[in-house]
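Trainee: build me a model:
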Amino acid sequence: MKRKIIIIGGVAAGASAAARLRRMDEEAEIIILEKGEYISFASCGLPYYVGGVIKERRHLLMQTPAAMGKRFSLDIRTCNEAISIDAAGRTVNIREISTGRVYTENYDYLIICTGAQAVVPEIPGINKQAVFQVRNIPDSDLLKSYVQTHSLRRAAIIGGGMVGLEMTEMLRNLSLEIHIIESSNQILPFLDPEMASYLHRELRNNNINLHLSEKIAAVLGNQKVTGLKLESGNTLDVDMVILAAGIRPDSALAEQAGLAVGADGGIKVDGYLRTSDPHIYAAGDAVQVRSIITGSETLVPLAGPANRQGWVAANNICGNKVLYKGAQGTSIIKLINRTAAATGLNEKALKKNSIPYQAVHIYPFSHAAYYPGAAQMAVKLLFNPQNGLLLGAQIVGAGGVDKRIDVLATALRAEMTVFDLQELELAYAPPYSSAKDPVNMAAYAAGNIVLGLTDVIHWHQVPDQLRNHNAFLLDVRTVQEYSLGAVPRAYNLPLDEIRARHQELPEEQTILIYCGVGLRSYIAARILTQLGYNVKNISGGYNLYTAVNS
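Mentor: The predicted structure follows:
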């Protein structure tokens, strides 16, 4: 029997589902309903088009409706908006936007790929001219045209997430003075605060004005934007505002149809991406999916998972049963001269889910230090302190970040431990890595903690240890390093002198040790532990201390 399948939404998940459906079923009638003009466009490339990195608008169009319709024999209806679903009757009411005509289509199966919608803060003046979003190609066309045709000096970006930071870099390339206003105390919520601090430094070193823990009270001006009033009372002079305050699942159509929606606003689906109605599937940014770490439902609005979900839904409709095992939230972003990436859970998520964890920070070079161009990166592993199971990873650096996070993302998916990571045989030549790859090095550091060879402490825990537990702070860097800057109250005893001078240290106090990045302090901790001292190694060393206190 010939199946009729309607797909609502034609970008990542929708286009992927349609292509897979046709490859699996040559006879099916497949209709894509897309309320915009375009399907299958590269939404992640929009900021780079505005900033001129992507020169031609056409390069954002992965497929045109005509080309995709012909190749896959699809009925693609752009500028047609699904306005309601009758799940019991298996019909969709549709409005043809150009004419206003409303008509109805029946279906055997429906796939909802409505994506996410931008969060628009309720701020006085938010609807003024020169307040923009960057969600689709028309948005980007408007913004690009405005930038090219107006003499602009200053721009404000509301939100420090992925889109906001990508737009920051692009507008910086256009020589604009930029203000980022972020309501939380850090940018990029997928990073832990100390890792985000490296990017805070990168922004400020490049003359980007970063306003953390700050909100907008009003957009100033008559018709055009002339400034922003902040809730703190400060006023910023700006000519343009870009809204990048986040997104939320566009699940209104599903709710209207009586489908189950989760606590985070996403459409609830099972492991096969079926909704609460067996004839309706859902995929992409509109759905809540299983976290592979916690097993609970979560939102993962990323292009990679959306494409796979569309593919999985199509397979299941065609009888080729494929289980969507879940998502882990692997993300990466370029920000001026730095790259930041993460996979798995961060500390906030681990605490929220009551998952025991430990963290370690290391600072390896992107490739052999003696080979030209080597740059240090900050690597953070999060793992189970009992068995070493990998729970998450974050990296910030100038080079080599992408391949390390991909190794760690693969390891996380495979449920590997830090001991498994120690054994990975990764490609090495001086231009590309070190004989011990940064992944191996982070795993060795984590393994030492699991095995009890070192007791680690983190900078946010140090003040309490000094104040309430009478701990002793020891700096094992060289005298010269110490003279250039040190943590208050730290006693300097260089590593290479510890064996001869350890009697200077108090035997009755816990000794908290730091060095530059954590390696020398680990060696010092091993020496002092075997000499009978109670020692804790401060993860990340002085490098991390200066990052979080700058």
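Trainee: what about residue 312, distance to residue 415?
Mentor: Noted for residue 312: a distance of 20 Å to residue 415, by Cβ to Cβ, to the nearest Å. (Glycine included, C-beta is placed from N, CA and C.)
Trainee: so where's the stretch 201-350 of the chain shaky on pLDDT?
Mentor: For the stretch 201-350 of the chain, no stretch has pLDDT under 70.
Trainee: please apply the same query to the chain.
Mentor: Scanning the chain residue by residue, none of them satisfies pLDDT under 70.
Trainee: off-centre distance for stretch 169-176?
Mentor: 22 Å (Cα atoms, centre = their mean, to the nearest Å).
Trainee: oh, that last question was meant for stretch 278-288, not what I typed.
Mentor: Using Cα atoms, centre = their mean, the offset of stretch 278-288 from its chain centre is 22 Å.
Trainee: on that earlier part again, which one of residue 312 and residue 415 is surrounded by more residues?
Mentor: residue 312 (27 against 11; other Cβ atoms under 10 Å).
Trainee: helix, strand or coil for the more buried one?
Mentor: helix (DSSP: H, G, I helix; E, B strand; the rest coil).
Trainee: pretty sure residue 147 sits in a helix.
Mentor: Yes: with three-state DSSP as the criterion, residue 147 is located in a helix.
Trainee: that one - how many residues pack around it?
Mentor: If we define neighbours as other Cβ under 10 Å, then residue 147 has 20 of them.
Trainee: helix or strand for residue 18, which one?
Mentor: helix 12-24 (DSSP states H and E).
Trainee: how far does that helix sit from its chain's centre?
Mentor: That offset, for helix 12-24, works out to 26 Å (Cα atoms, centre = their mean).
Trainee: please apply the same query to stretch 445-453.
Mentor: With Cα atoms, centre = their mean, you get 28 Å for stretch 445-453.
Trainee: same thing with stretch 305-325?
Mentor: 24 Å.
Trainee: any buried residues in that stretch, and which?
Mentor: 305-318, 322, 324 (16 or more other Cβ atoms under 10 Å).
Trainee: pull the most distant pair out of these.
Mentor: For these, the farthest-apart pair by Cβ to Cβ is 305 and 318; their separation is 20.5 Å.
Trainee: could you report the neighbour count for residue 96?
Mentor: Residue 96: 13 neighbours (other Cβ under 10 Å).
Trainee: I'd say it and residue 83 touch.
Mentor: No: using Cβ atoms under 8 Å, residue 96 and residue 83 do not qualify as a contacting pair, with a distance of 10.7 Å.
Trainee: need the residues touching each of these two.
Mentor: Counting by Cβ atoms under 8 Å, 6 or more residues apart in numbering, the contacts common to residue 96 and residue 83 are residue 102.
Trainee: you'd agree residue 328 is up against residue 343?
Mentor: Yes: using Cβ under 8 Å, residue 328 makes contact with residue 343 at a distance of 5.8 Å.
Trainee: shared neighbours, these two?
Mentor: With Cβ under 8 Å, 6+ apart, residue 328 and residue 343 have common neighbours 409, 412.
Trainee: which one of the two is surrounded by more residues?
Mentor: Taking other Cβ under 10 Å, residue 328 and residue 343 do not tie; residue 343 has more neighbours (25 against 21).
Trainee: secondary structure class for the residue nearest to residue 492 when sequence neighbours are not counted?
Mentor: Of all residues not flanking residue 492 in the chain, residue 482 sits nearest, at 4.3 Å (Cβ to Cβ, 6 or more residues apart in numbering). The three-state label for residue 482, taken from three-state DSSP, comes out as helix.
Trainee: how far away is residue 482 from residue 450?
Mentor: Taken as Cβ to Cβ, the span from residue 482 to residue 450 is 31 Å.
Trainee: now do the helices in the stretch 151-300 of the chain.
Mentor: 162-173, 193-205, 252-256 (DSSP state H, counting those that start in this stretch).
Trainee: nearest the geometric middle of the chain, what residue?
Mentor: Residue closest to the average C-alpha location in the chain (Cα atoms, centre = their mean): residue 331, at 4.1 Å.
Trainee: residues contacting that one?
Mentor: Contacts of residue 331 by Cβ under 8 Å, 6+ apart are 162, 190, 302, 341, 342, 343.
Trainee: among the residues you listed, name the ones in strands.
Mentor: 341, 342, 343 (DSSP state E).
Trainee: surely the second one is in contact with residue 199?
Mentor: No: the pair residue 342 / residue 199 is not scored as a contact, 11.9 Å apart, by Cβ under 8 Å.
Trainee: shared neighbours of these two, which are they?
Mentor: residue 191.
Trainee: neighbour-wise, which of these two wins?
Mentor: residue 342 (27 against 24).
Trainee: which ones are touching the more buried one?
Mentor: Here residue 342 is in contact with 190, 191, 329, 330, 331, 332, 392, 393, 394, 395, 405 (criterion: Cβ under 8 Å, 6+ apart).
Trainee: do you know how far it is from residue 137?
Mentor: From residue 342 to residue 137 the distance is 28 Å (Cβ to Cβ).
Trainee: residues contacting the nearest residue to residue 14 once chain neighbours are set aside?
Mentor: Excluding its sequence neighbours, the residue lying closest to residue 14 (Cβ to Cβ, 6+ apart) is residue 113, at 3.7 Å. By Cβ under 8 Å, 6+ apart, residue 113 lies in contact with 7-14, 17, 282-284, 286, 306, 310.
Trainee: just the buried members of those residues?
Mentor: 7-14, 17, 282-284, 286, 306, 310.
Trainee: tell me the one among those residues nearest to residue 476.
Mentor: residue 306 (48.4 Å).
Trainee: that closest one touches residue 12, doesn't it?
Mentor: Yes: judged on Cβ under 8 Å, residue 306 makes contact with residue 12 at a distance of 4.1 Å.
Trainee: quick revisit: what is the burial count for the residue nearest to residue 492?
Mentor: 18.
Trainee: and the gap between it and residue 119?
Mentor: Using Cβ to Cβ, one obtains 47 Å as the distance from residue 482 to residue 119.
Trainee: and which of the contacts of residue 331 is nearest residue 246?
Mentor: residue 162 (9.8 Å).
Trainee: contacting residues around the nearest residue to that closest one once chain neighbours are set aside?
Mentor: Setting aside the residues directly before and after it, residue 162 is nearest to residue 333 in space (Cβ to Cβ, 6+ apart), at 5.6 Å. Contact analysis of residue 333 by Cβ under 8 Å, 6+ apart lists 162, 165, 166, 188, 339, 340, 341.
Trainee: lovely, talk soon.
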